[in-house]
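Colleague: Got a predicted structure here, sequence first:
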Amino acid sequence: MLGKLFKLGSRPSQNPSGDNDSGLSNTLRPILGSISHVLGEGDLAAEDGLAMQHARSQFGTPVDIPWLQGRHDGYPLCLTMSEYWKARRADAHQMPRDDVALWTSAITFGLLEAATRMHIPETLLLARGRQDGEIVLSGSRVLQLLVRWYLRLRRSSPTAYSSDVKDAHLQHGRDIAQLLERALRSLDDECGPDSFLKRADFGHDERRDFICAVALTVVPLCAIAEKLWSAVPEVKSVAARLREDRTRPFFAVVVSACKARMQREGWCPYAVASRFSGILMDLTLMSYFASLKPSPDRNPGGHTECTHGACVWYTITDATTYLPRHVDPSCKCDYVKPPIHEVERLLSEGLVPAVIFDGRDFRVMRAADNSYVSISHVWADGMGSTTEDGLPKCIVTRIAGLVRPLLPVSGAFWMDSLCVPRRRDLRKRAIKLMAETYRNAAKVLVIDEGIRRECSVGASWVDNLLRIAISGWMRRVWTLQEGLLARELWFEFVEGAVDVEEQTGAKRKLEAPSRSDLLSPQNPWTPSVQFPVPPHGLPFYVVPLLYLRVNKATRDIAFHEVLDQLYARTTSKIEDELLAVATLLPPHIHVDALLVIAGPDFAQWRMRALFLQLREVPKGFPMSPSMPRLPMEGFRWAPRTLLRATRMSSRYGTGTCTEKGLLAEYFVARLEPPLNVRAEQNSFETEIDPRSLPGLFRLTVNVEHCVALESTASIDTLVFLEEDLISDMSVRCAAACAGTGGGHDGKEDPRRLGYVGTCLLRYAPRRVKRISVDVPVLGELNKSWVLLQ
């Protein structure tokens, strides 16, 4: 069975037994390596070297795999994993746990030997684990081996050799692509109901962590192969799918395992659930992120009471009991505050106030008269207040000390805790001036507890960006406009205020070097602790706000970009959602008309009104998972909040929002016989048979976030964003009911469909046990105008 799983196409022309390498030319040997060569300690990169720092963030960070005493040493070198399996299967026991041991050995040692074409003895990669007597396959040593192999092949580039050698090099890449494709499919199969791990009675969490560890051993090889064989289409295809297809079964398992690992280390469950998998697009960086330690927390209880749905520490539920925190817990200094009448006077005149603190007293000035710094922070870090109450003197002194080097002449700054009064009418006026306040500031300074403790100009900028990405400041709705509207955006690091965009070179138009590897003499960049990757290769995308600032002028921001920025942000007051992003919405939106909507469920009615004003909305909304929907006729497809809209929502263009529903062009297919879903079901799973493809698809329907069903609903139509179903990829779609809705597919007379829920369609190999006996048939996909209600 496993032999079939690992069976590859044509194998390399070299002798697979490894007994001799007489067929290798002298020029081929330094490129591909002698297949009789046995690797040793000298073939590992230095664990703490700069090359390994580069590799962890560029190729991935493997973790240790429990070693189950699989058979490896003592056999000839095998250039395919099917050969590896056959050579050892005859000598192996037939118990389920022995199958797991052999599978582990084949997809690690077997894969690495077949890819590098060199013998790898067990002693090179096995090490003692954390527990007494435990033996593990060391993730660090796997990466050390791959890095040295990568550098050796880079140093011996085949471009200078004959055409035969070049052809052999390209064939090597194609062979590795086949190896990787089979290994990744094997990982997908291990996530199914008929896996080796399941038959060996591994528990759920144990299976999850084991599959994750194995997958993170395969990921670096895939990333390195893409670097070495960028001209080989098969390699590029495998690497692209690994990055882009986030619906693969093993991908979800790796994400789940990394989340669990981070929570065990003390990370906030909500931060991990919302920011971690939401912003990271590939397993390479995800594995590196999961290896970082959380910031020490000022909250004595840490995040023990937080959940995947909310961070207790960053959610202020009762403003009446809130108190600012002194810089030092032992400090008992008095509160200081600016003259309230001067702040009120300026706000009454429609002007923005700013303050200067000389160590004893405040001076209030009109912000427009001098340069000033706007302070951006979250109240959960203990600096929230109002003008009437002020702040502890120690906090104000610290802030003034941060501002003074930025503006030595004036030292003026604006901060909501000092410049926004409690008085209702003036508070509303100050909030309306908020965009002007941040847009006109000379600099915006972000003060975040986690960032200032963990980020340093002396640390890796990959680490710094990841720390910013998961910070409390990045999670809140109000800080979005504060960061986007800033002329200059500074962050408080360990050393003080830092212009991240300047330090990383993001402000300058960097011309990417022709080669970004470590050894290229043409590349002016050399690896360092701060820059383990070239500046142009820093993962700005993990901090969407910085990515947008670097790549686009904020005043031209489009609605779909607002959605990207809002994803997974939170607010303590749901009514603040539209208010906090009002200045970022398209200019034709009448925000005041939205904010006057009051009464029961006013937030939902505001959202409905916003979509009607927008008119053109992302047509991917109905397919986006985990989004609560509006419980209104004609709007059951629409999200209740913009804070849960995933990036796939806006990837496929727009449809027209009308009072009767969402009008857009989709690809639809009938499902016969229809599926019935009961009111008490949140989700269900079944198999369907697509007429256009061999094999079956597994369909998961989720109605948890949709309107509660009165009794049952019938699903007779699936709605897709793309025309093609690919047998080895998963796609998201929407479940709908055509019923007797009518329509003739044209724009003037669209097909009317009742929205039921979101779906995930995954390829199910024939060998997997069927879930149901009667398998519905999915008809052909036809392009059609649809009115989704």
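Modeller: Thanks, I have it. Numbering: from 1, shown residues only.
Colleague: Output the below-cut-off pLDDT ranges for the stretch 201-350 of the chain.
Modeller: 275-281, 297-301 (pLDDT under 70).
Colleague: residue ranges for the helices of it, please.
Modeller: Secondary structure of the stretch 201-350 of the chain (DSSP state H, counting those that start in this stretch): helices at 204-228, 233-244, 249-264, 269-271, 277-279, 283-290, 340-348.
Colleague: right, so these: which one is the most enclosed?
Modeller: Highest mean neighbour count of the helices of the stretch 201-350 of the chain: helix 283-290, a mean of 25 (counted as mean count of other CB atoms under 10 Å). No exception for glycine: its C-beta is placed from N, CA and C like everyone else's.
Colleague: what packs against that one?
Modeller: With contacts taken as 3 or more CB pairs under 8 Å, 6 or more residues apart in numbering; DSSP states H and E, helix 283-290 sits against helix 50-58, helix 204-228, helix 249-264, helix 461-469.
Colleague: if you set the cut-off to 7 Å instead, what comes out?
Modeller: Contacts defined by 3 or more CB pairs under 7 Å, 6 or more residues apart in numbering; DSSP states H and E place helix 283-290 against helix 50-58, helix 204-228, helix 249-264.
Colleague: picking up where we left off before, which of the helices of the stretch 201-350 of the chain sits closest to residue 788?
Modeller: helix 277-279 (25.3 Å; CB to CB).
Colleague: could the helices and strands packed on helix 283-290 go into JSON lines alongside distance to residue 132?
Modeller: As requested, these are exported to JSON lines (distance: least, CB to CB, whole Å):
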{"stretch": "helix 50-58", "distance to residue 132": "28"}
{"stretch": "helix 204-228", "distance to residue 132": "19"}
{"stretch": "helix 249-264", "distance to residue 132": "20"}
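Colleague: picking that back up, out of the helices of the stretch 201-350 of the chain, flag the one nearest residue 541.
Modeller: Nearest to residue 541 among the helices of the stretch 201-350 of the chain is helix 277-279; the distance by CB to CB comes to 7.6 Å.
Colleague: Can you get me a residue count around residue 351?
Modeller: Look at residue 351: counted by other CB atoms under 10 Å, it has 16 neighbours.
Colleague: List the residues that contact it.
Modeller: By CB atoms under 7 Å, 6 or more residues apart in numbering, the contact list for residue 351 reads 366, 368.
Colleague: Let's see that with 6 Å instead.
Modeller: residue 366 (CB atoms under 6 Å, 6 or more residues apart in numbering).
Colleague: So it versus residue 413, what's the distance?
Modeller: 16 Å (CB to CB, to the nearest Å).
Colleague: ditto for residue 236
Modeller: 50 Å.
Colleague: what do you get for residue 258?
Modeller: Relative to residue 413, and taking CB to CB, residue 258 is found at 39 Å.
Colleague: Ramachandran angles for residue 75?
Modeller: For residue 75, the backbone dihedrals (degrees, to the nearest 10) come out as phi -120, psi 160.
Colleague: And the closest residue to it other than its chain neighbours, which helix or strand is it part of?
Modeller: Residue nearest to residue 75 in three dimensions, not counting chain neighbours: residue 87, with 4.9 Å by CB to CB, 6 or more residues apart in numbering. Assessed by DSSP states H and E, residue 87 sits inside helix 81-89.
Colleague: who does that helix touch, helix- and strand-wise?
Modeller: If contacts are counted by 3 or more CB pairs under 6 Å, 6 or more residues apart in numbering; DSSP states H and E, helix 81-89 sits against helix 2-6.
Colleague: number of nearby residues for the nearest residue to residue 308 once chain neighbours are set aside?
Modeller: Leaving out its chain neighbours, the residue that sits closest to residue 308 by CB to CB, 6+ apart is residue 273, at 4.1 Å. Residue 273: 22 surrounding residues under other CB under 10 Å.
Colleague: And for residue 90?
Modeller: 6.
Colleague: same thing with residue 585?
Modeller: 19.
Colleague: Tell me which residues are up against the helix or strand residue 668 falls within.
Modeller: In the assignment (DSSP H and E), residue 668 maps to strand 661-678. Residues from elsewhere that reach strand 661-678 (CB under 6 Å, 6+ apart): 619, 634, 637, 655-656, 712-720, 723, 776-779, 781, 783-789.
Colleague: All the helices of the stretch 51-200 of the chain, residue numbers only.
Modeller: 81-89, 96-105, 111-116, 122-125, 139-155, 163-190, 196-199.
Colleague: Just send those back as a markdown table, with mean neighbour count and mean pLDDT too.
Modeller: Below are the helices of the stretch 51-200 of the chain laid out as a markdown table (neighbours: other CB atoms under 10 Å; pLDDT from 0 to 100):
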| stretch | mean neighbour count | mean pLDDT |
| --- | --- | --- |
| helix 81-89 | 21 | 88 |
| helix 96-105 | 21 | 93 |
| helix 111-116 | 23 | 95 |
| helix 122-125 | 18 | 96 |
| helix 139-155 | 21 | 93 |
| helix 163-190 | 19 | 92 |
| helix 196-199 | 19 | 93 |
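Colleague: Any idea which of these gets closest to residue 382?
Modeller: Here helix 139-155 is closest among the helices of the stretch 51-200 of the chain (CB to CB), at 38.6 Å.
Colleague: For the closest one, which helices and strands make contact with it?
Modeller: helix 50-58, helix 204-228.
Colleague: Residue 734 should be in a strand, yeah?
Modeller: Yes: counting by DSSP: H, G, I helix; E, B strand; the rest coil, residue 734 is part of a strand.
Colleague: Could you verify my assumption that it touches residue 719?
Modeller: Yes: counting by CB atoms under 6 Å, residue 719 is a contact partner of residue 734 at 4.3 Å.
Colleague: picking up where we left off before, how about the helices and strands packed on helix 139-155 in TSV, adding distance to residue 243?
Modeller: Below are those laid out as TSV (distance: least, CB to CB, whole Å):
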stretch	distance to residue 243
helix 50-58	13
helix 204-228	9
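Colleague: what's the closest of these to residue 123?
Modeller: helix 204-228 (17.5 Å).
Colleague: tell me how far the closest one is from the chain's mean position?
Modeller: 17 Å (CA atoms, centre = their mean, to the nearest Å).
Colleague: Stretch 64-79 now?
Modeller: That offset, for stretch 64-79, works out to 34 Å (CA atoms, centre = their mean).
Colleague: Now it: buried residues?
Modeller: For stretch 64-79, the neighbour count (16 or more other CB atoms under 10 Å) marks 64, 65, 66, 67, 68, 70, 71, 72, 75, 77, 78, 79 as buried.
Colleague: Same check on stretch 309-316?
Modeller: 310, 311, 312, 313, 314.
Colleague: Now do it: distance from first to last residue.
Modeller: Chord length of stretch 309-316, first to last residue, is 15 Å (CA to CA, to the nearest Å).
Colleague: Also stretch 52-66?
Modeller: Termini of stretch 52-66 sit 23 Å apart (CA to CA).
Colleague: again with stretch 263-282
Modeller: Where stretch 263-282 begins and where it ends lie 20 Å apart, using CA to CA.
Colleague: now do stretch 476-495
Modeller: 25 Å.
Colleague: Report the mean confidence score over it.
Modeller: For stretch 476-495, mean pLDDT rounds to 94.
Colleague: Residues contacting that stretch, please?
Modeller: Contacts of stretch 476-495 (CB under 6 Å, 6+ apart): 376, 378, 438-439, 443-447, 451-452, 455-457, 473, 497-500, 545, 554, 565, 569, 571, 580, 583-584.
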